[in-house]
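Peer 1: got a predicted model here, sequence first, then my questions.
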Amino acid sequence: MTLRKKLIAGNWKMNKTPADGVALVSELVAAIGKQTDVDVVVCPPFTALESVGRGIDDANFKLGAQNMHFEASGAFTGEIAAPMLRALFVTHVILGHSERRALFGETDAFINQKVIAALKNQLRPILCVGETLAEREAGDTLKVVQTQVEAGLEGVGKDQAPNLIIAYEPVWAIGTGKVATVDQAQEVHAFIRGLLTKLFGETIAQKVRILYGGSMKPSNAPELLAQKDIDGGLIGGASLEARSFVDLVKAAAEAK
Ligand code: PGA
């Protein structure tokens, strides 16, 4: 029996205007707004953070951003800083998503600076890690994940570590409809928990939530969420529609 509360986070990616976002969360609030046995995080694009934040005022949901810069302010055209997110009552931030790594050239060292800055600003990082199909086929999955976890968390102190959230997202499963098998996912989640144990000790490692991401949907969620080291989901496509996101939160509540 785990002490970790399940967490379901919706990564809306580059979708939804503020009005669309408010419409979606009003449906979510009506269906699951007072849910307390699962942590629910919605991560709209920057432009919808403020209105979606107001839209979840009456719910137990948390607000997350999808990225941020590690500097607090300055000449970084097009970037958003942690204090700006805090001012909008953001509590979580997705960092190192595979789309940012692959399409925007983010490196482990760059992502690490963001993780450190997020923690310093009382934002909970959702650090994404995961292998590509070529890496899995070459038998390099655990090696790749180890590098991303260790480099991403370099310099994180034991005092801050309980605030971390890790998302294991095999790149080949994201947005493809191809989900990792429960055994594939559990193997990597347990491996990540082992890495966290080495870095921070057993007690802290047992507290950190490790989410699965990659084509998670209501039909495959129950068996994934039943695994010992799978503590929730980072949901892309299925978070854009109220019905499927509500069903995922319910699946997490039942998986406890
Ligand atoms: P998906 O995306 O659920 O659409 O596969 C997950 C993610 O990229 O976080």
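Peer 2: Perfect, thanks for sending it.
Peer 1: quick one: P83 from the ligand, how far?
Peer 2: Counting by CB to the nearest ligand atom, to the nearest Å, the gap between P83 and the ligand amounts to 25 Å. Any C-beta I mention is one placed from the backbone N, CA and C, and that applies to glycine too.
Peer 1: how about the nearest residue to R86, chain neighbours excluded?
Peer 2: Nearest non-adjacent residue to R86, counting by CB to CB, 6 or more residues apart in numbering: N121, 5.9 Å away.
Peer 1: wait, A242 sits on L28?
Peer 2: Yes. Here A242 reaches L28: they are 5.8 Å apart, a contact under CB atoms under 8 Å.
Peer 1: can you give me every residue that contacts the residue of the stretch 101-250 of the chain found nearest the ligand?
Peer 2: Closest approach of the stretch 101-250 of the chain to the ligand (CB to the nearest ligand atom) occurs at G236, with a separation of 2.2 Å. Contacts for G236 were tallied using CB atoms under 8 Å, 6 or more residues apart in numbering; they are 11, 13, 174-175, 213.
Peer 1: ok so, going back, quick one: which of A242 and L28 has more around it?
Peer 2: Legend: neighbour count by other CB atoms under 10 Å for A242 and L28, higher for L28 (22 against 18).
Peer 1: for the strand or helix carrying that one, what is the distance to the chain centroid?
Peer 2: Using DSSP states H and E, L28 sits in helix 18-32. Helix 18-32 has its C-alpha centroid displaced from the chain centroid by 20 Å (CA atoms, centre = their mean, to the nearest Å).
Peer 1: can you give me the buried ones in it?
Peer 2: For helix 18-32, the neighbour count (16 or more other CB atoms under 10 Å) marks 18, 20-22, 24-25, 28-29, 32 as buried.
Peer 1: and for stretch 124-136?
Peer 2: Of the residues in stretch 124-136, 124-132, 135-136 count as buried by neighbour count, 16+ other CB under 10 Å.
Peer 1: with stretch 165-184 instead?
Peer 2: Applying 16+ other CB under 10 Å to stretch 165-184 flags 165-174, 179-180, 182 as buried.
Peer 1: quick one: average confidence on that stretch?
Peer 2: When pLDDT is averaged along stretch 165-184, the result is 93.
Peer 1: per-residue pLDDT, the residue nearest to the spatial centre of the chain?
Peer 2: With distances taken as CA atoms, centre = their mean, the chain has I126 as the residue nearest its mean C-alpha position (4.2 Å). Model confidence at I126, given as pLDDT, is 98.
Peer 1: next: G157.
Peer 2: On the pLDDT scale, G157 gets 97.
Peer 1: now name the helix or strand holding the residue nearest to V115 when sequence neighbours are not counted.
Peer 2: Leaving aside its chain neighbours, V115 sits nearest to P125 (4.8 Å; criterion: CB to CB, 6+ apart). P125 belongs to strand 124-129 when elements are defined using DSSP H and E.
Peer 1: so what's D247 up against?
Peer 2: D247 neighbours (CB under 8 Å, 6+ apart): 218, 221.
Peer 1: the host helix or strand of it vs helix 18-32, what angle?
Peer 2: When elements are assigned from DSSP H and E, D247 belongs to helix 242-254. With axes from the mean of the first three to the mean of the last three CA atoms, to 10 degrees defining the directions, helix 242-254 sits at 40 degrees from helix 18-32.
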